[in-house]
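J.: All I have is the shape, not the residue letters:
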C-alpha cells in the first residue's frame, strides 16, 4: 500500500466512530440474494490490475495489492455512514453488493487505461511497485466506459518466488492445482481478505487496518494444501469456495486464509 493510503487507513481505523458498524457488515457475511433476471443488473466489484507491457509486476505482489485494495474499500468510511448518520457516497452501492452473490471481475490496464481508472471511485494499493485498484461495486450494465474498455483476459504473469513470509501478517494461500489466471486469482484473494476481516473481532480488524491491511499471498502445493484444509476443518483458517462462474468447477476451494 502507498504511504499516503496506509496513513489514511490507519487514521480512519483509529479515530472513526463508524468503524464498528462497517466491520459488522463484513462480519454478517454475504446476503446471497438471487441474481436479477436481467444480467445487466448483476452487481460486481471491478478490480483493475496494473500490468505494464514492458515491466510487469511480480504476480504475488500484484495479488497482495488486489487483496489489500478489496478489504480497504470494504472498510472505507465512504461505504458507511458519517458521524451524523448520513450515508456515505459509496454506501448504497456497496450494501446492495454485499447483500447479493459476491462477484468480482478483474481487468488489466496499462498506460492511459490505468490513469483513467484512477478517476473512477475506488482505492488503489501499491505493494512493492505492484498496483491494483478496487472499484466501488456496480451493475455490470452500468460499468463506467473507461473500465468497460479494459480487457478481462489475455495477459497472465508467471508464478514467482516472493521469499520468506513477513512476521505477523495473514497469509492467503492459493490452490496451485487449479492453475488460475492472475485475474481469477485476484478476485479470489479479494474474497479471502473480506472473509478474513469478517472473521476477526472488531479490534483485531482495527489492528489489521493499522498495518495497512498487509498480507502475504503464496502458492500452496498439494501437500501443503492438504494440511491447510485440515486447519479449515479445525476452524483455524478460512476457505474461499468458488461459485464456478469462470475457470474452476463450482465449489472449488480456491484460497485458504490463515490469520
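T.: It's in. Fair warning: this is a prediction, and the values are worked out from it, not measured in the lab.
J.: so where do the strands sit in the stretch 1-150 of the chain?
T.: For the stretch 1-150 of the chain, strands defined by DSSP state E, counting those that start in this stretch occupy the ranges 43-50, 104-109, 122-127, 130-135, 138-139.
J.: Generate a markdown table for these, with mean neighbour count as supplementary columns.
T.: In this view, the C-beta of every residue, glycine as well, is placed from N, C-alpha and C. What follows is the strands of the stretch 1-150 of the chain, written out as a markdown table (neighbours: other CB atoms under 10 Å):
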| stretch | mean neighbour count |
| --- | --- |
| strand 43-50 | 25 |
| strand 104-109 | 23 |
| strand 122-127 | 23 |
| strand 130-135 | 26 |
| strand 138-139 | 18 |
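J.: Which of those sits closest to residue 176?
T.: With respect to residue 176, and counting by CB to CB, the nearest of these is strand 104-109 at 18.5 Å.
J.: Now do that closest one against strand 130-135, angle only.
T.: Here strand 104-109 points in a direction 130 degrees away from that of strand 130-135 (axes from the mean of the first three to the mean of the last three CA atoms, to 10 degrees).
J.: so how far is strand 104-109 from its chain's centroid?
T.: The chain centre lies 11 Å from the centre of strand 104-109; the measure is CA atoms, centre = their mean, to the nearest Å.
J.: which stretch among the strands of the stretch 1-150 of the chain comes nearest residue 173?
T.: Judging those by CB to CB, what sits closest to residue 173 is strand 122-127, at 17.1 Å.
J.: Residues touching that closest one, excluding its own?
T.: By CB atoms under 8 Å, 6 or more residues apart in numbering, the surrounding residues in contact with strand 122-127 are 1-2, 5, 46, 48, 61-62, 64-66, 68-69, 72-73, 76, 118, 131-136.
J.: Regarding this protein, what is its longest helix?
T.: helix 182-199 (DSSP state H).
J.: following that helix, which helix or strand comes up?
T.: Beyond helix 182-199 in the direction of the C-terminus, DSSP states H and E gives the next helix or strand as helix 202-210.
J.: Torsion angles phi and psi at residue 144?
T.: Residue 144 adopts backbone torsions of phi -60, psi 130, taken as degrees, to the nearest 10.
J.: Measure how buried it is and give me the count.
T.: 16 (other CB atoms under 10 Å).
J.: which ones are touching it?
T.: Listed by CB under 8 Å, 6+ apart, the contact set of residue 144 reads 120, 138.
J.: I'd like the numbering to begin with 375 instead of 1 from here.
T.: From this message on, residue numbering opens at 375, which makes the last subject residue 518.
J.: so how far is residue 564 from it?
T.: Plainly put, residue 518 is 19 Å away from residue 564 if you go by CB to CB, to the nearest Å.
J.: Which strands or helices does the longest helix of the chain pack on?
T.: Packing partners of helix 556-573 (3 or more CB pairs under 8 Å, 6 or more residues apart in numbering; DSSP states H and E): helix 393-401, strand 417-424, helix 433-448, strand 478-483, strand 545-549, strand 612-615, strand 627-632.
J.: 6 Å instead, please
T.: helix 393-401, helix 433-448, strand 478-483, strand 545-549, strand 612-615, strand 627-632 (3 or more CB pairs under 6 Å, 6 or more residues apart in numbering; DSSP states H and E).
J.: Show me what counts as buried in the fifth one.
T.: When burial is assessed from 16 or more other CB atoms under 10 Å, strand 612-615 yields the following buried residues: 612, 613, 614.
J.: Let's test this: mean pLDDT of that strand, rounded?
T.: Throughout strand 612-615, pLDDT has a mean value of 94.
J.: helices and strands around that strand, which ones?
T.: Contacts of strand 612-615 with other secondary structure elements, assessed using 3+ CB pairs under 6 Å, 6+ apart, are made with helix 556-573, strand 627-632.
J.: Look at residue 542 and give its secondary structure.
T.: coil (DSSP: H, G, I helix; E, B strand; the rest coil).
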